[in-house]
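got a predicted structure plus its sequence, pasted below:
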Amino acid sequence: MREFCIRWSKRFFICSAAVLFLFCAGCGSAANRGKSTVRIGVGLYRSDDTFINNLRRELEQYAKEYEQESGTKIVLDIQAAKGNQSVQNRQVDRFVSLDCDVLCVNPVDRMAVSSIIDKAMAADIPLVFFNRQPSTEDMNRWDRLCYVGVDAKETAVLQGQIVADHYREHPEQLDPNGDGVVSYVLLEGETSHQDSLIRTEWSVKTILDKGVPLERLTGGIGNWERSQASALMEQWLGQYGKKIELVLSNNDDMALGALDAMERAGITGICVVGIDATDPGLAAVREGKMIGTVSADKAGYAKTIFDTAVELSEKGSTAKEKYYWCRQEILTGVEN
Ligand code: GAL
């Protein structure tokens, strides 16, 4: 029988080492206390990213619940930027002209957020960035600026742990040719994303540290996308065939792309591991197509973005840390 197994990360709520960041009392002038409507401008980097869409759904759901419980009307104005920073900048201009009380932005280019910060500061509208982390220099420009995300190293260590645990329990599945080495291919996210490099580095390092012998066959950039990963995997299957024993993917969508290519080629028996626990990723774990995934607590993630935004807009300040790291967990399908 297959049982869905959930192990919480040891590092619940690992927050930045930064001391509690109490925002200045002087911000009260811009506060929105007692307002019966809170208008939140939400900017997404793209509309077709599965993980971001799962997060969006949680945000909308939580906003509805909050509205019902608090009696405060919440207007969530959500715009996606088609992966174009200039489009996102124009969307932020519009949010400002509509007199939004707070902005929540998932930047297209995390290193090019200074003009968004300029606009927010000029209009005195607090800003919550999420998922794509701006530089420390940008984050330190204003005290009404927060970031919500996940700790990329923690994600990677958890992914490495999934592989190491699976190797301990089923070495024959991870090394079917029995040569004593797990031969893997690597699917990486966007090069400009803070998570990609860290996920790759620490996932591989964790697997090796836990005593699993690894050999990298090849790797490529799939930009988080299922179709790009599928094309890469198709190529690698042609090149290496069943020599590939493991697909290490920076996210679930690319892991699913690898599975698509395996299905087209009629190849089974390659272990695949992802990150995100998106709905389709989770389904693949349940069906035994993926050995596991790492889940950011998406409900908690969305709640934190929302609560921080509303707190900043209503009180003008928040007692939360400037950086908030959501908790993560391992999800695996375990044979009993
Ligand atoms: C990552 C996530 C990816 C993709 C990316 C977008 O955290 O794992 O699947 O959604 O964010 O910035």
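Ah, there it is.

and the residue of the stretch 151-300 of the chain nearest the ligand?
Asn251 (3.5 Å; CB to the nearest ligand atom). Every C-beta, even on glycine, is put in place using the N, C-alpha and C of the backbone.

next up, the contacts around that residue.
Phe51, Gly189, Trp224, Gly274, Ile275, Asp276 (CB atoms under 8 Å, 6 or more residues apart in numbering).

so how far is Thr304 from Glu321?
10 Å (CB to CB, to the nearest Å).

who has more neighbours out of the two?
Between Glu321 and Thr304, counted using other CB atoms under 10 Å, Thr304 has the larger neighbour count: 21 against 18.

just checking, the more buried one is part of a helix?
Yes. Thr304: assigned to a helix according to DSSP: H, G, I helix; E, B strand; the rest coil.

pretty sure it is touching Tyr324, no?
Yes. Between Thr304 and Tyr324 a contact is recorded at 5.3 Å, counting by CB atoms under 8 Å.

joint contacts of the two?
Common neighbours of Thr304 and Tyr324 (CB under 8 Å, 6+ apart) are Val148.

what does the stretch 51-200 of the chain put close to the ligand?
With CB under 6 Å from any ligand atom as the criterion, the stretch 51-200 of the chain meets the ligand at residues Phe51, Ile52, Asn131, Arg132, Gly189, His193, Asp195.

which residues are in contact with whichever residue of the stretch 1-150 of the chain sits closest to the ligand?
Closest contact between the stretch 1-150 of the chain and the ligand, by CB to the nearest ligand atom, is at Phe51 (3.4 Å). Phe51 sits next to Trp224, Asn251, Asp252, Asp253, Asp276, Thr278 when contact means CB under 8 Å, 6+ apart.

got any ranges where the stretch 201-336 of the chain has weak pLDDT?
317-320, 334-336 (pLDDT under 70).

for the helix or strand harbouring Ser183, name the packing helices and strands.
In the assignment (DSSP states H and E), Ser183 maps to strand 182-188. For strand 182-188, the contact count by 3 or more CB pairs under 8 Å, 6 or more residues apart in numbering; DSSP states H and E identifies helix 194-209, strand 214-221, helix 226-240, strand 246-249, helix 252-265 as packing neighbours.

could those go into JSON lines alongside mean neighbour count?
Formatted as JSON lines, the helices and strands packed on strand 182-188 follow (neighbours: other CB atoms under 10 Å):
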{"stretch": "helix 194-209", "mean neighbour count": "19"}
{"stretch": "strand 214-221", "mean neighbour count": "15"}
{"stretch": "helix 226-240", "mean neighbour count": "19"}
{"stretch": "strand 246-249", "mean neighbour count": "29"}
{"stretch": "helix 252-265", "mean neighbour count": "23"}
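
at the geometric centre of the protein, which residue sits there?
When the chain is reduced to its mean C-alpha position, the closest residue under CA atoms, centre = their mean turns out to be Asn131, at 5.7 Å.

so who does the closest residue to it other than its chain neighbours touch?
Residue nearest to Asn131 in three dimensions, not counting chain neighbours: Asn106, with 4.9 Å by CB to CB, 6 or more residues apart in numbering. Applying CB under 8 Å, 6+ apart to Asn106 gives the contacts Val42, Gly43, Leu44, Tyr45, Ile52, Phe129, Phe130, Asn131, Arg132.

would CSV of those with pLDDT and secondary structure be doable?
Shown next, in CSV, are the contacts of Asn106 (pLDDT from 0 to 100; DSSP: H, G, I helix; E, B strand; the rest coil):
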residue, pLDDT, secondary structure
Val42, 98, strand
Gly43, 98, strand
Leu44, 98, strand
Tyr45, 98, coil
Ile52, 98, helix
Phe129, 98, strand
Phe130, 98, strand
Asn131, 97, coil
Arg132, 97, coil
